[in-house]
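Engineer: Sequence first, predicted coordinates after that:
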Amino acid sequence: MSATGPEPLSTPTPSTASASPDRPGWPEIAVGLVGLVVTTAGLFFFGSNGPLDLDPVAFGLVVAAWSGIAGLVGFGAAFAVRRRPLEAFGVRRTTWRWMLVGAAAGLFALGAKTAVNAAIMSFTDFADTNPQGMYFDAAGGGALPLALTFLFLAVLTPIGEEFLFRGVVTNALLRYGPLVGVLGSSAVFALFHGFNFILPSAFIVGVVAAEVMRRSGSIWPAVAVHTVNNTALPLLVLLTQGASGA
C-alpha cells in the first residue's frame, strides 16, 4: 500500500468488487442493523416521555450524537460476526483526490435533495412535521450547543452511519452487482430514517455516498459526502439565528 492510498482500489471494477472473498454478507447486515435498532431504542430514556426528561436543547444534542454512536455500535457488532479485515468494509486509506471528489459529490447531493425537498413542500404537507426539528433546537441553544451539534452531525454521525450502511450494507450487497449494491443499500439507509419528509433526501445521499465508495474502494470519500450534507443544518441555524440564538 502506498502512502497516498490503495492504488489497486483507486478504480475498482464491479466484477472484482463482487468477487471479493472477504466481503461481508447477510449475517453482518442482520447483526449490524439489529445493533443499530437496539442502541437507538436507548433514546427512550432521554425523551420527553422517558425517565430523564431532558429539555429540547439537551435532547437534540443527545439525538445528534446518538445516530453516530448507534451506527458505530451496529458496525462493531457486524465486524464481530466473523472478524473480517477492516479493508473488507472499505475502511482503508484513500487519496486527497478522492476526498475532494467526495466533497464535490456531497455538494451535488445537497443540491439534488434541496430541489426534491422544495418539490415535496410545494405539493404536500409532509414538511409540517420535520423529524429533524430537535437538531434545530440543539443548534439554536447557544454557541456551545451549536458547536456540539456541528461536531455530532458533521463528524460523528457521518462516520458512524457510513461505517454501517456503506461499510457493511453496501459492501455486502455489492456481491450482487453495483445496481443492487448502490440502490439496495440506499433504500435501507432511507428506510431507517423513517417514512417521513427526509426519506427521499436520505435515499439521494445514500446513492451518492454508495457510488463514491464503490468507485474509490474506501469508506472515507463517502464520509465526505455525508459530512457536506450534514454541515448544512448547523450552518443554516448559524446564518438564520446566530451563534447566540435563544
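Structural biologist: Structure's in. What do you need?

Engineer: for residue 187, what are its contacts?
Structural biologist: The contact partners of residue 187, taken as CB atoms under 8 Å, 6 or more residues apart in numbering, are 203, 206. Any C-beta I mention is one placed from the backbone N, CA and C, and that applies to glycine too.

Engineer: what's the closest non-adjacent residue to residue 91?
Structural biologist: Nearest residue to residue 91, sequence neighbours excluded (CB to CB, 6 or more residues apart in numbering): residue 219, at 5.5 Å.

Engineer: count of residues packed around residue 58?
Structural biologist: Burial of residue 58, expressed as a neighbour count using other CB atoms under 10 Å, amounts to 16.

Engineer: part of a helix, is residue 92?
Structural biologist: No: the assignment for residue 92, made by DSSP: H, G, I helix; E, B strand; the rest coil, is coil rather than a helix.

Engineer: Just to check, it is in contact with residue 221?
Structural biologist: No: Residue 92 is not in contact with residue 221 according to CB atoms under 8 Å; the separation is 11.2 Å.

Engineer: of these two, who's got more company?
Structural biologist: Taking other CB under 10 Å, residue 92 and residue 221 do not tie; residue 221 has more neighbours (29 against 18).

Engineer: For the closest residue to that one other than its chain neighbours, give me its contacts.
Structural biologist: Excluding its sequence neighbours, the residue lying closest to residue 221 (CB to CB, 6+ apart) is residue 102, at 3.2 Å. Residues counted as contacts of residue 102 (CB under 8 Å, 6+ apart) are 212, 216, 220-225, 228.

Engineer: just how off-centre is whichever strand or helix holds residue 102 within its chain?
Structural biologist: Counting by DSSP states H and E, the element that carries residue 102 is helix 96-123. Using CA atoms, centre = their mean, to the nearest Å, the mean C-alpha position of helix 96-123 is found 14 Å from that of the whole chain.

Engineer: what mean pLDDT does that helix have?
Structural biologist: Looking at helix 96-123 alone, the average pLDDT works out to 93.

Engineer: Now the element after that helix, going C-ward?
Structural biologist: The helix or strand immediately downstream of helix 96-123 is helix 133-139, counting by DSSP H and E.

Engineer: Pull out the buried residues from that next one.
Structural biologist: Buried residues in helix 133-139, counted by 16 or more other CB atoms under 10 Å: 134-139.

Engineer: give me the low-pLDDT residue ranges for the chain?
Structural biologist: Screening the chain residue by residue with the criterion pLDDT under 70, one finds the ranges 1-21, 46-52, 126-131, 239-246.

Engineer: residue boundaries of the helices in it?
Structural biologist: Secondary structure of the chain by DSSP state H: the helices cover 14-18, 26-40, 56-82, 96-123, 133-139, 143-151, 157-161, 171-173, 178-179, 185-191, 199-216, 220-241.

Engineer: In JSON lines: the ones you listed, plus distance to residue 88.
Structural biologist: Supplementary listing: those in JSON lines, determined by distance: least, CB to CB, whole Å:
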{"stretch": "helix 14-18", "distance to residue 88": "11"}
{"stretch": "helix 26-40", "distance to residue 88": "9"}
{"stretch": "helix 56-82", "distance to residue 88": "9"}
{"stretch": "helix 96-123", "distance to residue 88": "19"}
{"stretch": "helix 133-139", "distance to residue 88": "33"}
{"stretch": "helix 143-151", "distance to residue 88": "29"}
{"stretch": "helix 157-161", "distance to residue 88": "18"}
{"stretch": "helix 171-173", "distance to residue 88": "7"}
{"stretch": "helix 178-179", "distance to residue 88": "17"}
{"stretch": "helix 185-191", "distance to residue 88": "15"}
{"stretch": "helix 199-216", "distance to residue 88": "13"}
{"stretch": "helix 220-241", "distance to residue 88": "15"}
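
Engineer: tally of neighbours for residue 118?
Structural biologist: The local packing of residue 118 (other CB under 10 Å) involves 11 other residues.

Engineer: I appreciate the help and will end here.
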